[in-house]
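> could you work out the structure for the sequence below:
(4 chains)
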4 protein chains.
Amino acid sequence: MNYIENHTKAENLKIAYIGGGSRGWARKLMSDLALEPAMSGSVYLYDIDREAAAANVIIGNMYSAKEEAVGNWKYFAADTLKEALSGADFVVISILPATLQEMGSDIHTPEKYGIYQSVGDTSGPGGIVRALRTVPMYKVFAEGIRDYCPNAWVINYTNPMTMCMSALYKYFPKIKAFGCCHEVFRTQNLICDAYNEKYGTNLERHDIHTKVLGINHFTWITEARYGNEDLWDIYADFADKYYEKGYGKPDTNWMNSNFACRHRVKFDLFKRYNCIAAAGDRHLAEFCPGKWYLENPDVVHKWEFGLTPISWRTRVLGDWKRDTVDFVEGRKPLEFNQSGEEGVLQMKALLGLSSMITNVNLPNVGQISNLPLGYIVETNACFGHDSVTPVTAGAMPRGVDNLVQRVAYNQELTVDAAISGNYEDAFKAFVNDPLVTISHVDARKLFNEMLENTKEYLPAYNDYLNK
Amino acid sequence: MNYIENHTKAENLKIAYIGGGSRGWARKLMSDLALEPAMSGSVYLYDIDREAAAANVIIGNMYSAKEEAVGNWKYFAADTLKEALSGADFVVISILPATLQEMGSDIHTPEKYGIYQSVGDTSGPGGIVRALRTVPMYKVFAEGIRDYCPNAWVINYTNPMTMCMSALYKYFPKIKAFGCCHEVFRTQNLICDAYNEKYGTNLERHDIHTKVLGINHFTWITEARYGNEDLWDIYADFADKYYEKGYGKPDTNWMNSNFACRHRVKFDLFKRYNCIAAAGDRHLAEFCPGKWYLENPDVVHKWEFGLTPISWRTRVLGDWKRDTVDFVEGRKPLEFNQSGEEGVLQMKALLGLSSMITNVNLPNVGQISNLPLGYIVETNACFGHDSVTPVTAGAMPRGVDNLVQRVAYNQELTVDAAISGNYEDAFKAFVNDPLVTISHVDARKLFNEMLENTKEYLPAYNDYLNK
Amino acid sequence: MNYIENHTKAENLKIAYIGGGSRGWARKLMSDLALEPAMSGSVYLYDIDREAAAANVIIGNMYSAKEEAVGNWKYFAADTLKEALSGADFVVISILPATLQEMGSDIHTPEKYGIYQSVGDTSGPGGIVRALRTVPMYKVFAEGIRDYCPNAWVINYTNPMTMCMSALYKYFPKIKAFGCCHEVFRTQNLICDAYNEKYGTNLERHDIHTKVLGINHFTWITEARYGNEDLWDIYADFADKYYEKGYGKPDTNWMNSNFACRHRVKFDLFKRYNCIAAAGDRHLAEFCPGKWYLENPDVVHKWEFGLTPISWRTRVLGDWKRDTVDFVEGRKPLEFNQSGEEGVLQMKALLGLSSMITNVNLPNVGQISNLPLGYIVETNACFGHDSVTPVTAGAMPRGVDNLVQRVAYNQELTVDAAISGNYEDAFKAFVNDPLVTISHVDARKLFNEMLENTKEYLPAYNDYLNK
Amino acid sequence: MNYIENHTKAENLKIAYIGGGSRGWARKLMSDLALEPAMSGSVYLYDIDREAAAANVIIGNMYSAKEEAVGNWKYFAADTLKEALSGADFVVISILPATLQEMGSDIHTPEKYGIYQSVGDTSGPGGIVRALRTVPMYKVFAEGIRDYCPNAWVINYTNPMTMCMSALYKYFPKIKAFGCCHEVFRTQNLICDAYNEKYGTNLERHDIHTKVLGINHFTWITEARYGNEDLWDIYADFADKYYEKGYGKPDTNWMNSNFACRHRVKFDLFKRYNCIAAAGDRHLAEFCPGKWYLENPDVVHKWEFGLTPISWRTRVLGDWKRDTVDFVEGRKPLEFNQSGEEGVLQMKALLGLSSMITNVNLPNVGQISNLPLGYIVETNACFGHDSVTPVTAGAMPRGVDNLVQRVAYNQELTVDAAISGNYEDAFKAFVNDPLVTISHVDARKLFNEMLENTKEYLPAYNDYLNK
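Below you'll find the model as predicted:
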């Protein structure tokens, strides 16, 4: 191909970042943009936490000013969503819906009823209630995009991924949005580990090809190849070997310890279904019937993954805030390297500067043949100029189909209930969640308590709550 | 319509009865046939228990000889399936797959692992293992029908209904078969009770119209009307009133006590989904997540339905055998009345002597829009001359869709595993059953033990068992 | 069933009749209502031709006043659509979209390009352009029903049936509407003729059972039974016998001659597809490739059906107008008998006073498995209290599937183009019509000329026309 | 990616070539294999024309012996299909079904009835009758592949492509087969021409990205991009500019003149549907209603494409035979360059030596959302190690959907009729073909005459013919 000669650069781009005060995703993007020579332009950070956005403007411009920086980007704080979005080429959304206080309720209120959640932001009671308060926020984003930058490409990082994406498409059906998540990447690296351990090689995820299908955080790999080698049996041996003891050292760094898992859930699902579940065990467990992996903290401990208490998140947030001040005031140097995330690569491809195939979350147009059309699903897709085209993945494998459909239907129902404000529909989804293995009466009490705790963000449900 | 004048009688019919030694369904049919003036012919009873069939020949002919008998039917014992089927107009199948010993294993082995089943013949571990040994028997029936009476109408009463029907259609796709079950009838009568209690009337199920959809034993009613009255709110009030205390007196007759329920499960499902679950609570509970109604015998007791131990079935069988001898030897008079079953009415309609609409189990040709085509589903259907045509029921209601799909997919997988002899596929279905809320390792132990207990009927799985 | 005793009458009903000045459908309804003892109430006639509505008020009340009238109905002219619809229990729609002048253009303009149409109101260039001006009128009706009587049952008689129905559901998705047409009835009677000719009997359509599926005016019968007799071979012999010479005497009464056909098209389609096409030949021919039956007037003549020129319609309209004056002024007695139409029977069933199965046009919820869900299709349906439930008809037969899909897709596209005002989409449908066997350039000329002729009713397309 | 280092070569491959005496496809493959350094092995040529295969063995080995040849391939003639297939890694099928005599009947018999075909091997009466005699041959191939090389990848080049592919999958559902055709390539080059003409560049098809969907020879391009440029408007201008006069010089070389077209059909379809039809005009015309482009030879001439008479094919075949002798005897030098076909590139990718995306014919697993699953469709697909995965293309565009479905359904029916030997089903397909715009009676005469002419290859239909 010779076109790269003609189009080496895309300039004067505008990126709108909703949740622009974010410490994780935003800074990875800043770093990756600074290291990408083919693109330049401006980034508008919009956040209801104005101070956080302002700090990130400083940090973003510090990245651009670095000697090694080859990308030419300027950072601005946007006062309004409209200012951020107007004329944007790309929109990135990574927000915390409400505050850690609401997330604390999502995670811990169910524990009173014996329901334990390892994350609480996707599936389970926490995921459902989080969706109820997030969908109205996404209404605002979708309508803003429709009005101020209808042709922009939108990348969502926020959880619950499936339900955020679904809301975007329901509120603005012509939106050009996809959702990205790195959980599959980590499992691809685990497959590489299996190969590397056997052959003493040093493969990384980009070296292998995998067939990916499912819904976010409950995605599955059904084929894995390296060159002309089929990696299936190698992974199977690896899963056997580490089934009992788990794989990987427990992370001693407390900041990571809650995310670490030793893949015992993943290996167990492999034994059950002969498919590679492609997400962290903390996420996978929340999609399975409650007794399997989350019956109680002892069972969780036995499976060697972790519950993530809100206290941990609060502590991390404090550290991050301190770090931010240190960065801004120059007391602490910025990390500066490729993040391993794919957002910037995807933008390049969408600009026609390259092409790539990777897994993303998109409405089903046939890529998964046994989930309803229109549902948000995760599969491989081809990225090219102004287009993201899913690759067919066929049917969810038998046995797994059932587990996935159960949550897929439930999430669709949750989004519709969030849009309509129908309390009973929301409760139907709630009571049907795999983790809600309690009586109808208790489930209603729990649901109401969780809504009550977060009612500031749930005006549509106040009538029910006040009855 | 004037045709009835011209075609008042269908004569020289041949009915083949597979499982012709049956005490329940067979004798109801005999009684109903004797009371039906428009049809006559011969009934061939085929049973591996030759003695039981012989006794039923005597009893059948006793019915025909009764003074009140208006139908002219002769009974014969068939030595071979071929003899029974050759030239048959109708084939009735009601068998016990294997013996009560295997059924004992189906029901009670899972209890060692804390899994309680109230019936154990449809869903749950028992239903799955029962299907594995029943499907090969149905292969023989389907191929016999294909070879000896391909145009016959086939009525199945055997459980697991869905999987028996599925096997018939998979082995002989052109079969004209449907499956009948009276569980929906009982719920229709319950709806009448609600009306009668309110208005002092005396409605029976034939007086009302209901919209029925689902899979056998997990069927749902989404509309109920009497004349121009909508019965929904009446049922809702009734469900409210009896939610806590249950409806109906506990049956003091021990022979019935195991089937009796006080509908608390049904009312609870109504509260959750605003749909009327249309089967006995013993069946409904087995389709729901294990913790809901079957967590342990105390919970079952609280919900006021019953576990049906094999000891009870054994005792009943003994009584029935004694009764049979008494009937044959004239010591005990035969009951002689309309059974309330619809088999004979359906035959009449298929002969063009009448028409009717009732609920039956058939392959999905679109009657339920959100279950896969080809799956066996239960909905209303129109019966006419040589035709059974399902009435559309639309989509399974939201929330319920999920519960139904879960088991529908699992049952399809079970049948395919029974046909292919694929042990791992069967286990995938097993481990995915809503009642199997135990670890992978324990589930495999349990599954293997259940197969081992019944291996005489599972030659296809012996290789796995003997590894 | 005993409920009929309790609910013998429905009183104080309100029927809104849109197109209430109609001479055909409206008077049949008046006559049938007067003869129906179980219902009474008022009928509000709404028509843009106020005079015609006023005349029908007089005629309606004359029916009610007849000695033989057992139904108690009062007729009123409504000044506004709102007045007619407010609180209505039933809405009947039978309008002439625009005037005979526009219909003249629909029928005769294509003849300049060698395209002959036998009716011009359903398929073909005329059907498409008629739809473009009818859909905006149905927007008004649908929104009126939504606002003033959202729970009313709506019966449509207007052509193009499929596209009128589709517009109603697209503008008000919760509408309870179905479409009725007597074309299938006539074919059912033809099947009776075949039987009667063979056996010297006197069957009428209500005596037989047929399986009906397709789209309006291109509906097919795939099973036909009388009691326990299959009528297929009898019809096949009949079609053979009359294939060459046609069946039935040419009607000498000029008023009927244009509707008469001698069924040669129907018999020819039977030979091609072994299915009974169930509409008049004039309609059937318009759905088939242009060369088959409508190549030129000689070919039409050879197939022994008729083109219906606008001059004929104009003459009939004049006669009807004179008759109306004669009726109103008492110079001519009103005909007073059962019309053979089913509208009043359907209303009775919807009121819970009876039940029935008949063919109607409804959105596809699965009744036809190989047409898209949501498309308007014609099949049997069960009528009961406040419900119309389609009976499954399975797949369109092979070979026929293709012919039907072609027009079904085209009609869906036409409705969407009428709603969006997208000229190019409308033209895509136009150029894809089976009768439009002319070049692209000529097709565009023809289409523009037809739009120009009727532009008073096509404001959405004026921009294109004036370019 | 680093794996290419480790796996630079695939050796000892076996390719079976069915139709190995072929002059066109086989020699292109030989040439491409000789120029590919990463693969080596043996090619077994199987042909019922043993002499032709023997000549190709000599020619193949001459290619391998050339100095510039970097691939190491040995050629053998196989005496039996079994010998050719046993242990093959790849199977290529490119046959002439029967002889030019039968093809002469396919093309010219319909002309007696005024039906003109420009190719006669895909759609139209010729395509259908050709399929009827080809499907039984493909039964032999499919069963041979199943028995002797079930894991081989199979590449089909034979027409009618869709029906050959369909037969392979119906006879051996687990086959790993795809179909290749260069018609889309030529249209991609035409799009490049449009760009090159505007900008003076020199783009070729590999430089651009296109979205491809449809059925073979009636495939459509709905997106075309070069780097970050959308090519749509450029193509639209080009189509406008050349709409009247056609594009390209008429080819003066008689050998090509029959394949040459001046794209007026393509441009006309673009005007109708705003989609780029991606095949030669000779093929496209045969899928459209008969009056559009093939009404008579004058119309064909006006649209500036050509009918391909059998006399031309006979002459070319004679030339080819003479050339073959000249090649073998060294009187004429072999052409030796990249053919532009993709077969060898696809093999490389399937071996894990590379990856690529290109358009191929495969069963629909969801890549086209509005054609039935299982139908053979043409879209882009990703090639990787042992896998070909279609990329989703969404729905056929509105308007085009109709044209494509019509032939897709008809081809499916034709294949089923060829398998079942059902004459009436075959005739239903025949009479429904867009080009068969003649009466039922004439169509039957024509069909019977075409079958009679080719009956040596149609044993299943002899009974009908001899009645």
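
> contact residues of the stretch 151-300 of chain A facing chain D?
A:203, A:206-207, A:209, A:211, A:223, A:225-230 (C-beta under 8 Å from any C-beta of the partner chain). For the C-beta atoms, the positions are set from N, CA and C on the backbone; glycine is no exception.

> what is the nearest of those residues to chain D?
Chain D lies nearest to residue A:228 out of these, by C-beta to the nearest C-beta, at 2.8 Å.

> identify the residue nearest that closest one in space, chain neighbours excluded?
Leaving aside its chain neighbours, residue A:228 sits nearest to residue D:352 (2.8 Å; criterion: C-beta to C-beta, 6 or more residues apart in numbering or on different chains).

> cool, residue A:279 as well?
residue A:183 (4.0 Å).

> what does residue A:29 give?
Using C-beta to C-beta, 6+ apart, the closest residue to residue A:29 is residue A:343 (5.8 Å).

> what sits against that neighbour?
Residue A:343 is in contact with A:28-29, A:32, A:92, A:155, A:180, counting by C-beta atoms under 8 Å, 6 or more residues apart in numbering or on different chains.

> just put the residues you listed in TSV and tack on distance to residue A:144 and pLDDT.
Below are these laid out as TSV (distance: C-beta to C-beta, whole Å; pLDDT from 0 to 100):
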residue	distance to residue A:144	pLDDT
A:28	24	92
A:29	20	95
A:32	25	95
A:92	14	97
A:155	15	98
A:180	20	96
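
> in strands, which of the residues you listed appear?
A:92, A:155 (DSSP state E).

> which one of the contacts of residue A:343 is nearest chain C?
Using C-beta to the nearest C-beta, the contacts of residue A:343 come closest to chain C at residue A:155, 30.4 Å.

> thought the closest one was touching residue A:145?
No: if you go by C-beta atoms under 8 Å, residue A:155 and residue A:145 don't touch, sitting 11.8 Å apart.

> okay, those two: which has more neighbours?
A direct count of neighbours by other C-beta atoms under 10 Å in any protein chain shown for residue A:155 and residue A:145 places residue A:145 higher, at 27 against 24.

> what is the three-state secondary structure of that one?
helix (DSSP: H, G, I helix; E, B strand; the rest coil).

> how close does residue A:458 get to residue C:100?
Distance, residue A:458 to residue C:100, using C-beta to C-beta, to the nearest Å: 59 Å.

> when those two are compared, which one has more neighbours?
Between residue A:458 and residue C:100, counted using other C-beta under 10 Å, residue A:458 has the larger neighbour count: 24 against 15.

> just the buried residues from the residues of the stretch 151-300 of chain A next to chain D, in PyMOL please.
Here is the PyMOL command that selects only those of these that count as buried (16 or more other C-beta atoms under 10 Å in any protein chain shown):
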select buried, chain A and resi 203+207+209+211+223+225+226+227+228+229
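
> now the residue nearest to residue A:169 when sequence neighbours are not counted, which residues is it bridged with?
Nearest residue to residue A:169 in three dimensions, chain neighbours excluded: residue A:363, at 5.6 Å (C-beta to C-beta, 6+ apart). Legend: beta-bridge partners of residue A:363 under DSSP bridges are residue A:376.

> is it true that residue A:363 touches residue A:374?
Yes: contact criterion C-beta under 8 Å: residue A:363 and residue A:374 qualify, at 5.4 Å.

> still on that earlier bit, out of the contacts of residue A:343, which comes closest to chain B?
residue A:180 (27.5 Å).

> what sits against that closest one?
Per C-beta under 8 Å, 6+ apart, neighbours of residue A:180: A:155-157, A:341-343, A:346, A:360-361.
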